[in-house]
Each structure stands twice: as C-alpha cells, then as structure tokens.
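>>> Quick one: sequence plus predicted model below, questions after.
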Amino acid sequence: QVQLVESGGGLVQAGGSRRLSCAASGRTFVPYAMGWFRQAPGEEREFVAVLTWSGDSTYYQTSVKGRFTISRDNAKNTMYLQMNSLKPEDTAVYYCAAGTTYSIRGRDYDYWGQGTQVTVSS
C-alpha cells in the first residue's frame, strides 16, 4: 500500500506564499506522474498541476500558471507545490495524488492523500 501525506497548509494573506509538501511512503512505488488537486467548499474537485516523476513534464491549470510551481525530490519521495501571489479564490483543500498516468483527471490517479487546508484571507 502507498500512503501520501500532505502538509504545509494554513492561513495566509492574499499576495502571500505557501509551500505544500506531499510525502509518499509504503511499498516500493515509483509513480509515473503525481498531481495536485483542490476542492473549495461547495465546488467540485479541480486539477491544479501535474508532473512526471522523471521531471521532464509539467502542466498547470490556467488560473495558477505563473503563480504555482510543482516540483519533486526523488530522493525524499516528496512532491511540492510552491504557491505564490495567493488569491482568496485559491482557498481550498489541496490533495496530492499519484498514479501511472500523466493526466489532469482525478479518476486516473490511484493514490490520494488526506488533504491539507489552505485559506487565503483578503
């Protein structure tokens, strides 16, 4: 079994920055891709960013492109989401996911973390 644990959420003022981490543990697992998704209250879960574990490809949702950066540290089995210039509309529970498909669709991922809350105050 693979476990994904997010951390780094919290309260931040608009315009501020936050870095989320997603640590993977469990059986030997090398995903092809890992992604970040988010879900705001009353909204459906939406794609944020994805990368291949090799690091050669990344893709972002339009609304976060230029503000968020997805990265990974293979040695630590950890993925990151650096979020800059945060806006109130970025407020959501952020989830990391891992799988064997490079995809923006949540259903293509096999493993999910429990989520971490990010709240951006105006």
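Happy to help now that I have it.

>>> Can you spell out which residues form a bridge with T58?
Beta-bridge partners for T58, by DSSP bridges, are L51.

>>> Surely it is in contact with V50?
Yes. Counting by Cβ atoms under 8 Å, V50 is a contact partner of T58 at 6.9 Å. (Glycine included, C-beta is placed from N, CA and C.)

>>> Please identify which of these two sits among more neighbours.
Per other Cβ atoms under 10 Å, whichever of T58 and V50 has more neighbours is V50, with 25 against 15.

>>> so E6 touches C22, yeah?
Yes. Using Cβ under 8 Å, E6 is in contact with C22, at 5.2 Å.

>>> what about the residue lying closest to Q1 once chain neighbours are set aside, neighbour count?
With Cβ to Cβ, 6 or more residues apart in numbering as the criterion, Q1 has its nearest non-adjacent residue at 5.1 Å, and that residue is G26. Neighbourhood size, G26 [other Cβ under 10 Å]: 11.

>>> With S103 instead?
17.

>>> How about the secondary structure of the residue nearest the centre of the chain?
Nearest to the geometric centre of the chain sits W36, at 2.5 Å (Cα atoms, centre = their mean). Counting by DSSP: H, G, I helix; E, B strand; the rest coil, the backbone at W36 sits in strand.
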